[in-house]
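**Student:** Pasting the sequence and the predicted coordinates here, then a few questions.
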Amino acid sequence: ALLQQTLERVTTSGENSELFLITGASGVGKTALVREIYRPLTQHRGAFIQGKFTLLQQNTPYSAFVSAFSDLIQQLFAKQQAKLDLWRAKILAALGQNGQIIIDVIPELELIIGEQPSLTKLGAIESQNRFRLVFQNFIRVFSDRQHPLVIFFDDLQWADVASLKLIELILEDWQSHSLLIIGAYRHHEVSDSHPLYKTIENLEQRVNVERVNLAP
């Protein structure tokens with residue numbers, strides 16, 4: 001009920017992004033709970049995408065983001081040509097001359113928006129800031145009052161620091177609407193010094209964060 005209330009709030013008000021956290025031991029049913037929102041989300045013409053962090057890819061930045069948004073691009077391919085053309089126009093308008101940044105991590109996007117101009121070379125910090133800004137713009141394309149977006153990240157206890165920072169930036173983005181991020185993790189693997197703990201602590205001061213702990 002709490003998950004459905006959160007979804008309803010995000011999809012109907014469309015004002016703010018929210019974070020919904022599900023904790024519990026491995027195999028307790030965290031993913032099964034998330035599946036319960038498929039039907040109500042469809043009624044709001046929303047999209048559901050998911051990415052999973054793994055221990056083996058813990059040092060690979062944005063791995064779950066890439067998986068989730070590759071899934072979203074595949075969903076676009078299933079649309080009629082006229083609707084696909086509309087999405088293409090929206091994406092190009094949002095990315096401007098920086099489309100290659102997203103193509104570098106989600107190659108399938110090039111099949112929709114075509115070949116993009118080369119990027120201006122920047123230093124490491126500037127490149128990272130540019131990536132985050134462009135990705136924020138990219139996400140805004142898919143989350144609005146007409147088309148809410150739910151992103152489910154599983155096994156957040158293995159998320160890399162860069163992904164956690166991007167999650168933080170996305171949720172704090174005042175221009176983002178109708179976005180719900182659901183995160184599942186094993187709470188017994190997240191201590192007070194864990195990067196995820198710090199991220200949640202920061203977000204609780206700025207956005208609405210709901211929690212559910214699933215017992216055996």
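**Tutor:** That came through, no problem.
**Student:** Could you pull out the helices in the protein for me?
**Tutor:** Counting by DSSP state H, one finds helices in the chain at the ranges 2-13, 30-34, 38-43, 63-77, 81-95, 99-105, 110-113, 124-142, 161-172, 195-203.
**Student:** what about dumping the CA coordinates of the shortest one to CSV?
**Tutor:** Read that as helix 110-113. As requested, C-alpha coordinates have been extracted for helix 110-113 and formatted as CSV (Å, rounded to 0.1, in the frame of the first residue of the first chain):
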residue,chain,number,x,y,z
GLU,A,110,22.4,6.0,-32.1
LEU,A,111,19.9,3.8,-34.0
ILE,A,112,17.2,6.4,-32.9
ILE,A,113,19.0,9.7,-33.1
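**Student:** Could you pull out the buried residues of it?
**Tutor:** Buried residues in helix 110-113, defined by neighbour count with 16 or more other Cβ atoms under 10 Å: 110, 112, 113. Just so you know, the C-beta spots here come from the backbone N, C-alpha and C atoms, and that holds for glycine as well.
**Student:** Format the residues you listed as JSON lines; extra columns: pLDDT and distance to residue 162.
**Tutor:** Formatted as JSON lines, the entries for those read as follows, by pLDDT from 0 to 100; distance: Cβ to Cβ, whole Å:
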{"residue": "110", "pLDDT": "95", "distance to residue 162": "23"}
{"residue": "112", "pLDDT": "94", "distance to residue 162": "25"}
{"residue": "113", "pLDDT": "95", "distance to residue 162": "24"}
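**Student:** quick one: the closest residue to residue 212 other than its chain neighbours and residue 179, what's the gap?
**Tutor:** In space, residue 212 comes closest to residue 22 once its chain neighbours are excluded; the distance is 5.2 Å by Cβ to Cβ, 6 or more residues apart in numbering. In this structure, residue 22 and residue 179 are 17 Å apart, going by Cβ to Cβ, to the nearest Å.
**Student:** Please apply the same query to residue 208.
**Tutor:** Between residue 208 and residue 179 the distance is 12 Å, computed by Cβ to Cβ.
**Student:** Need the residues touching each of these two.
**Tutor:** Common neighbours of residue 208 and residue 179, using Cβ atoms under 8 Å, 6 or more residues apart in numbering, are residue 18.
**Student:** Which one's more surrounded, those two?
**Tutor:** Remark: of residue 208 and residue 179, residue 179 carries more neighbours, 24 against 15, as counted by other Cβ atoms under 10 Å.
**Student:** Correct me if wrong: the more buried one contacts residue 151.
**Tutor:** Yes - under the contact definition of Cβ atoms under 8 Å, residue 179 touches residue 151, with a separation of 7.5 Å.
**Student:** Mean pLDDT per helix and strand in this protein: which one sits at the bottom?
**Tutor:** Sorted by mean pLDDT, DSSP states H and E, the helices and strands of the chain end with helix 38-43, the least confident at a mean of 82.
**Student:** I figured residue 140 hits residue 178, correct?
**Tutor:** No - with contact taken as Cβ under 8 Å, residue 140 and residue 178 are classed as non-touching, separated by 10.2 Å.
**Student:** Of these two, which one has the most company?
**Tutor:** Of the pair residue 140 and residue 178, residue 178 is the one with more neighbours under other Cβ under 10 Å, namely 24 against 18.
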